[in-house]
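Colleague: predicted structure and sequence below. I'll ask about it afterward.
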Amino acid sequence: PHIASLDRQPFSGDGTLTRQILFTLLALGIVFGRGVDALEAADGLELRDGDRIVLLGNTLIERAQIYGYLETMLTIGNPGLGLTFRNIGWSADNVFGHSRAVFDAAAKGFGKLRKQVAAAKPTVLIIGYGSNAAYDGEAALPAFVAGYKRLLDALAETGARMVLLSPVRLEKMKPPLPDPARQNENLTLYTAAIAGLAEERKLLFIDLFRHLRADSPDEQLTSNGIHLNAIGYLKAGQLIAGRIGAGGKAAALAIDAGKPGVVSAKGVQVEGLEKKGETITFKVLRDSLPRFSAAGGAEQVLRVAGLRSGEYVLRVDGVEVAKADSSQWKAGIHVAGGPDYERIEKIRKLAIEKNFFYFHRYRPANWPYIYGFRRHEQGNNAVEIPLFDPLIAEKEAAIARLRVPVARVYELARAKGGAK
């Protein structure tokens, strides 16, 4: 379906899911196993400066562009790398490219897929297929594997490093929607087949089927049992980014207010630490914007020893981000919110806007009139399609500026009425 018809609510700013919740609510405990059931053929993939990351696949991939989580995570996790992204997912597509044929014979879709990939100029390909094919069951598995091998052979001509994703597990929803247990059995077979292809070709395989799970019975990762919702894409993005160059350690800072002085600093640089009365100020420059912690929650920890008994408020560039008593500050407070988190949200929104422009660049809504069987009527309008390029470049330039952290002024002061 056309991107404009997709549900855009998660980023419409209606308050359903706030920025801070989306970026700090996770409590994942992810373990990437190496057992027989995992079959994850490579430990990870290291990104390089200038990488063009192209996402190719079916609905799972296409809908990722309207949330922007994976792109944001990889961008902020690698501030020194000039990464760019192109999403060429196509709803209901398969490894044969049938959906991309549009009004042509289905067999022509594969050639169009190859042209679309070549036009995107990938150096890294993240590929997500299998969820549609699994509905054909075990009997169709050999044809799927043969088709996937053909696809991988064709994609290898680009020279891009490749990552294979498994399909996503179907969620059990309330009646009258059916129990997905049987279909999940089919998905298990197709997941194992994709893992086998990755192992055979020494490609990175990421098992979303096994690892992408809700944290509680009340949490839903899909909107209808099949398609991921905002939380689902957030968690999937975290799983994928954790294996593709966006790991890293959490930032941590320890200060002794009694001296005052910096005790330790990891992932941050500290300058200008001063103490006036019961107020401590200092500048912090992070190595990168806040990353997504595998343990969940905010990944920056601030410990402050030597405070007099009482309650203290932390402000970052004048914005209150935490309040706790002296004993809690000594133990360590997870810092969430503030200007850096707003910066991340700006990057995500820019990524979504860029994706919108690129979608219409490579896949215009009136495609039959511009490039297809009715191009004899309005094909002259094709000259307007490249006008999307400067719009895309503008968004990417803005992202490049924002991905680099800036120094922030931290102020830890006794809260009003906080004396004990």
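Modeller: That came through, no problem.
Colleague: drop to CA atoms for contacts and neighbour counts, all remaining ones
Modeller: Will do.
Colleague: tell me which residues of stretch 157-172 are tucked away?
Modeller: Buried residues in stretch 157-172, counting neighbours by 16 or more other Cα atoms under 10 Å, are found at 158, 160-172.
Colleague: select from those every entry located in strands.
Modeller: Within those, residues falling in strands by DSSP state E are Arg161, Met162, Val163, Leu164, Leu165.
Colleague: and the second one, bridged to which residues?
Modeller: Going back to what we said before, that points to Met162. According to DSSP bridges, Leu125 are recorded as the beta-bridge partners of Met162.
Colleague: residue contacts, it?
Modeller: Val124, Leu125, Ile126, Ile127, Leu203, Leu204 (Cα atoms under 8 Å, 6 or more residues apart in numbering).
Colleague: between which two of the buried residues of stretch 157-172 is the distance greatest?
Modeller: Of all pairs drawn from the buried residues of stretch 157-172, the greatest distance, 39.2 Å, lies between Thr158 and Lys172 (Cα to Cα).
Colleague: and Val404, how far from Arg52?
Modeller: Using Cα to Cα, to the nearest Å, Val404 is found at 18 Å from Arg52.
Colleague: which residues does the residue nearest to Gln300 when sequence neighbours are not counted contact?
Modeller: The shortest distance from Gln300 to any residue that is not its chain neighbour, by Cα to Cα, 6 or more residues apart in numbering, is 4.7 Å, and that residue is Ala251. Neighbour list for Ala251: Ala265, Lys266, Gly267, Val268, Arg286, Glu299, Gln300, Val301 [criterion: Cα under 8 Å, 6+ apart].
Colleague: isn't the first one right next to Glu271, touching?
Modeller: No. Using Cα atoms under 8 Å, Ala265 is not in contact with Glu271, being 11.2 Å away.
Colleague: sorry, back to before: could the ones in strands among the buried residues of stretch 157-172 go into TSV alongside pLDDT and distance to Tyr341?
Modeller: Output for those, formatted as TSV (pLDDT from 0 to 100; distance: Cα to Cα, whole Å):
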residue	pLDDT	distance to Tyr341
Arg161	97	31
Met162	98	31
Val163	98	29
Leu164	98	30
Leu165	98	28
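Colleague: show me the contacts for Gln178.
Modeller: Gln isn't right for residue 178; it's Pro. By Cα under 8 Å, 6+ apart, the contact list for Pro178 reads Lys172.
Colleague: wait, Ser223 sits on Asn229?
Modeller: Yes. Using Cα under 8 Å, Ser223 is in contact with Asn229, at 5.3 Å.
Colleague: circling back to that earlier point, please identify which of the contacts of Ala251 is nearest to Gln328.
Modeller: Gln328 has its nearest neighbour among the contacts of Ala251 in Val301, at 11.5 Å by Cα to Cα.
Colleague: pretty sure the closest one sits in a helix.
Modeller: No. Assessed with DSSP: H, G, I helix; E, B strand; the rest coil, Val301 is strand; it does not lie in a helix.
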